[in-house]
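J.: test case, fold it:
(one chain, ligands or ions: 3)
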Amino acid sequence: MISAYTGTQIREAEKPLLDSGMGAVLMQRAARGMAGAAIAELRSRGHRLYGSSVAVLAGKGNNGGDGLFAAAHLAGRGMRTTAVLASDTAHPDGLAAFRRAGGRVVTLTDANAGELAALAGRADVVIDALLGTGAQGGLRGASADLVSRLAAGSHGLVVACDVPSGVDADTGEAGGPVLPADVTVTFGGAKAGLLADPGADFAGRVVVVPIGIEDALPWPALRRLEAADLAALLPRPARRAHKYSRGVLGVVAGSPAYPGAAVLACRGALAAGVGMVRYVGPPEVADLIRHSCPEVVCSTGTVAETHVQAWLVGAGMDGSDEDEMQRVRDAVDSGLPTVADAGALPVMPDVLAPQVVLTPHAGELATLLQRLGADLDRGAVEASTLAAVRRAAGLTEATVLLKGASTLVASPYQDFYSQSEGTPWLATAGSGDVLAGIIGALLAQVGPDVGRFRERGIDPDERWAAIAAMGASLHGHAGAAAAAGGPLTAGRISDALPEVWGKVSTLSN
Ligand SMILES: NC(=O)C1=CN([C@@H]2O[C@H](COP(=O)(O)OP(=O)(O)OC[C@H]3O[C@@H](n4cnc5c(N)ncnc54)[C@H](OP(=O)(O)O)[C@@H]3O)[C@@H](O)[C@H]2O)[C@@H](O)CC1
Ligand SMILES: Nc1ncnc2c1ncn2[C@@H]1O[C@H](COP(=O)(O)OP(=O)(O)O)[C@@H](O)[C@H]1O
Ligand SMILES: [K+]
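T.: Numbering: from 1, shown residues only. Ligands and ions are numbered 1, 2, ... in the order given. Presented below is the predicted three-dimensional model:
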């Protein structure tokens, strides 16, 4: 499990060490770690160190200090180094070390931003050390100008120091221009803003460098399940299992206009190991399901007549069939774990419960929040994904999963997850229906198994968020495997899932 923290949490964990005079030691650890990561990345790209050039963009705070010390290390390895100081002042010891190592220093002004952007653009490596956890808002003035120009032109490898400057370490929000990094080297613990969009988009690969504060870190602001977590949490049928003991998922989905969504959701659920899928809905949709997935048991019954362990509602529903909408409401009212997608979202009661997992994309989340009185459009949700999903979970008291390049899950209590195993090829029609099927299948199988989660450090009351995150992770892994670098259709996500499941669930912990 990857744990991520707010900038404030990291600074509080650092404080006792800073108070005892260890600040310089922490900075040395950070700088050495960053220089090492830059060297490893350069080598992996086939560059020689000796004679390569590095430009460090250094702000006046400790983030700039880290950057200057790291560049001094790189100068010691034979690289040609230039520091672009963002203001007249710089971290004194960092600057002195940099000068001693033979680095060249230039100072940014309003007048020379273009010239220095061109200079930095010619370097093999740019270290972005303008702003870190001490930033208040986005980049301003000449720094903003420099970064805009550099981002727009060609440049070498970009290594961000702690966070890409201008990305809020707590939220991932970007209040101005940001130089997208290839690698972000972050200190003491991953920052939450590096795992949530748009910050995750700017961060590139995230490398965490331990600096000795790790034991003092509190409960993380955000977590990411890894393959070993899936291995521990995924169900395995007991030797004497039967289809009912393995979990039955009820599906209320599809409509004459969108029958395919119900098929894709059922296929996702079947591929995710559920003992049985029971479909209840209109005959014309049921007919298509019988043809496409004969394993599914179809009926036209009510929710009360259908014995299941969990429900999936809403995929492909357009609100035109009142019987179906009644089934949606009844499923949610049943108190059973329920994944509510697409067409079910507009008819959800305002206040729900944690075992209800809402799965909106950004547009649907904006609509949901508007209905609950918040003044947010899709763009605003995309600009502050973490805040939006947190707000939705707080208002609805449901578990909320926000789909996107990084998928965020918020429980109504304190747990948050960000999963990002997927590929942009997953942005294809029907992909979300498959995700709903996978999550529904997991709710039916592991929802009742409290002990499984407790053993993995997950509070049983918070397990619904973990189950949603497991679903997003499997969906991402399966999508990446099925795409194999090329285009993907949604049905192939389900086809790839059993093999992906088999691979991760045999990992030892
Ligand atoms: N503590 C330690 O020993 C360790 C810390 N570590 C490192 O320190 C980093 C945090 O350092 P930090 O606290 O000095 O803040 P930092 O991010 O450099 O920026 C603040 C400076 O920028 C300015 N400024 C603010 N906003 C601005 C804006 N929008 N646009 C322009 N300027 C802006 C602000 O000046 P002001 O505006 O207040 O005059 C202030 O001077 C952390 O990310 C990690 O890399 C590690 O080495 C481990 C050990
Ligand atoms: N750029 C992307 N990178 C990775 N995954 C993505 C990307 N865009 C979308 N996805 C994933 O694809 C799925 C799309 O779901 P959704 O928007 O509901 O599509 P649909 O309604 O067509 O089924 C979600 O799981 C989402 O996280
Ligand atoms: K930075």
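
J.: okay, now the residue in the stretch 251-400 of the chain that ligand 3 sits nearest to: neighbour count?
T.: When scored by CB to the ion, the stretch 251-400 of the chain has Leu386 as its residue closest to ligand 3, at 19.1 Å. For every residue, glycine as well, the C-beta is placed using N, CA and C. By other CB atoms under 10 Å, 26 other residues sit near Leu386.

J.: all strands of the stretch 151-300 of the chain, in order?
T.: 157-161, 183-187, 190-191, 205-209, 222-224, 248-252, 276-280, 297-299 (DSSP state E, counting those that start in this stretch).

J.: need the ones you listed in CSV (columns: distance to Ala261).
T.: Formatted as CSV, the strands of the stretch 151-300 of the chain follow (distance: least, CB to CB, whole Å):
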stretch, distance to Ala261
strand 157-161, 40
strand 183-187, 37
strand 190-191, 35
strand 205-209, 34
strand 222-224, 28
strand 248-252, 10
strand 276-280, 12
strand 297-299, 15
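
J.: low-scoring stretches of this structure, by residue?
T.: Scanning the chain for pLDDT under 70 picks out the ranges 508-509.

J.: and it, which of its residues are near ligand 2?
T.: With CB under 6 Å from any ligand atom as the criterion, the chain meets ligand 2 at residues 361, 403-405, 407, 422-424, 426-427, 429-433, 435, 475.

J.: so who does Gly479 touch?
T.: Each residue near Gly479 by CB atoms under 8 Å, 6 or more residues apart in numbering is listed here: 422-423, 425-426, 431, 488, 493, 496.

J.: tell me which residue in this protein sits closest to ligand 2.
T.: Gly432 (2.1 Å; CB to the nearest ligand atom).

J.: that residue sits in which helix or strand?
T.: Using DSSP states H and E, Gly432 falls within helix 431-446.

J.: quick one: which of the contacts of Gly479 sit in helices?
T.: If you go by DSSP state H, the contacts of Gly479 have 431, 493, 496 in helices.

J.: now do Thr300: how many residues are near it, please.
T.: Thr300, neighbours per other CB under 10 Å, totals 12.

J.: cool, and Pro487?
T.: By other CB under 10 Å, the residues close to Pro487 number 9.

J.: and for the residue nearest to it when sequence neighbours are not counted, the neighbour number?
T.: Spatial nearest neighbour of Pro487, chain neighbours left out: Trp425 (6.0 Å); criterion: CB to CB, 6 or more residues apart in numbering. By other CB under 10 Å, 19 other residues sit near Trp425.

J.: list the contacts of Trp425.
T.: 479, 483, 486-488.

J.: of these, closest to ligand 3?
T.: Gly479 (31.3 Å).

J.: and that closest one, what are its phi and psi?
T.: Main-chain torsions, Gly479, degrees, to the nearest 10: phi -60, psi -40.

J.: and if you look at Ala383?
T.: According to degrees, to the nearest 10, Ala383 has phi -80, psi -20.

J.: mind listing what the closest residue to it other than its chain neighbours touches?
T.: Excluding the flanking residues, the one nearest Ala383 by CB to CB, 6+ apart is Glu173, at 6.3 Å. Applying CB under 8 Å, 6+ apart, we find Glu173 in contact with 167, 193, 198-199, 383-384, 387.

J.: likewise for Ser494?
T.: Ser494 neighbours (CB under 8 Å, 6+ apart): 264, 267-268, 270-271, 434, 437, 478.

J.: let's go with 7 Å and repeat that
T.: 267-268, 271, 434 (CB atoms under 7 Å, 6 or more residues apart in numbering).

J.: from Gln414, how far off is Asp461?
T.: 10 Å (CB to CB, to the nearest Å).

J.: just Arg454 next, same as before
T.: 16 Å.

J.: near ligand 1, which residues of the stretch 151-300 of the chain show up?
T.: Counting by CB under 6 Å from any ligand atom, the stretch 151-300 of the chain sits next to ligand 1 at 161-162, 187, 211.

J.: which among these gets closest to ligand 1?
T.: Asp162 (3.6 Å).

J.: quick check: the closest one touching Gly189?
T.: No: contact criterion CB atoms under 7 Å: Asp162 and Gly189 do not qualify, at 10.7 Å.

J.: neighbour-wise, which of these two wins?
T.: Using other CB under 10 Å as the criterion, Asp162 and Gly189 rank with Asp162 on top: 30 against 23.

J.: so what are the domain limits for this protein?
T.: Domain assignment for the chain, taken from automatic domain parsing, gives 2-224, 227-482.

J.: and the longest one, how far out from the chain's middle?
T.: Averaged C-alpha coordinates place domain 227-482 at 18 Å from its chain's average position (CA atoms, centre = their mean, to the nearest Å).

J.: which residues in the stretch 401-509 of the chain form strands?
T.: 407-410, 416-419.

J.: alpha carbons only: can I get the first one in PDB?
T.: What that stands for is strand 407-410. Extracted in PDB, the C-alpha atoms of strand 407-410 (Å, rounded to 0.1, in the frame of the first residue of the first chain):
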ATOM      1  CA  THR A 407      -9.600   7.200 -10.000                       C
ATOM      2  CA  LEU A 408     -10.300   8.600  -6.500                       C
ATOM      3  CA  VAL A 409     -12.400   6.900  -3.900                       C
ATOM      4  CA  ALA A 410     -13.600   8.700  -0.700                       C
END
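
J.: by contact count, what packs against the helix or strand harbouring Val389?
T.: Assigned by DSSP H and E, Val389 falls within helix 385-396. Helices and strands touching helix 385-396, by 3 or more CB pairs under 7 Å, 6 or more residues apart in numbering; DSSP states H and E, are helix 362-371, strand 399-402, strand 407-410.

J.: pretty sure Trp464 contacts Ala398?
T.: No: applying CB under 7 Å, one finds Trp464 not in contact with Ala398, separated by 8.6 Å.

J.: pull up the overlap in contacts between these two.
T.: Pro354.

J.: which single residue in the stretch 401-509 of the chain comes nearest to ligand 1?
T.: For the stretch 401-509 of the chain, CB to the nearest ligand atom, closest residue to ligand 1: Ser418, 20.0 Å.

J.: ok, and the most crowded of the contacts of Ser494?
T.: Neighbours here mean other CB under 10 Å. Within the contacts of Ser494, the largest count is held by Gly268, at 34 neighbours.

J.: up against ligand 3, what does the stretch 101-250 of the chain have?
T.: With the criterion set to CB under 5 Å from the ion, the stretch 101-250 of the chain comes near ligand 3 through 128, 161, 165.

J.: what are the bridge partners for the first one, then?
T.: Spelled out, it's Asp128. In this entry, Asp128 is beta-bridged to Leu57, Ala160, by DSSP bridges.

J.: for Gly172, see how far away it is.
T.: 16 Å.

J.: before we move on, the earlier item: list the buried residues for the helix holding Gly432?
T.: Neighbour-count burial for helix 431-446 flags 431-446 (criterion: 16 or more other CB atoms under 10 Å).

J.: returning to what we had before: of Asp461 and Gln414, which one has the most company?
T.: Ranked by neighbour count (other CB under 10 Å), Asp461 and Gln414 place Asp461 first, with 16 against 13.

J.: quick revisit: elements contacting the helix holding Gly432?
T.: Where contact means 3+ CB pairs under 7 Å, 6+ apart, helix 431-446 is packed against strand 248-252, helix 259-271, strand 310-313, strand 338-340, helix 463-483, helix 490-505.

J.: what pairs with the shortest one, parallel or antiparallel?
T.: In this case it means strand 338-340. Sheet pairing of strand 338-340 (DSSP bridges) gives strand 310-313 (parallel), strand 356-358 (parallel).

J.: just the residues contacting it, thanks.
T.: Here strand 338-340 has contacts from 310-314, 331-332, 348, 355-359, 436, 439-440, 443, using CB under 7 Å, 6+ apart.

J.: how many neighbours does the closest residue to Pro354 other than its chain neighbours have?
T.: With sequence-adjacent residues excluded and distances taken as CB to CB, 6+ apart, Pro354 is closest to Trp464, at 4.9 Å. Using other CB under 10 Å, Trp464 is surrounded by 29 other residues.
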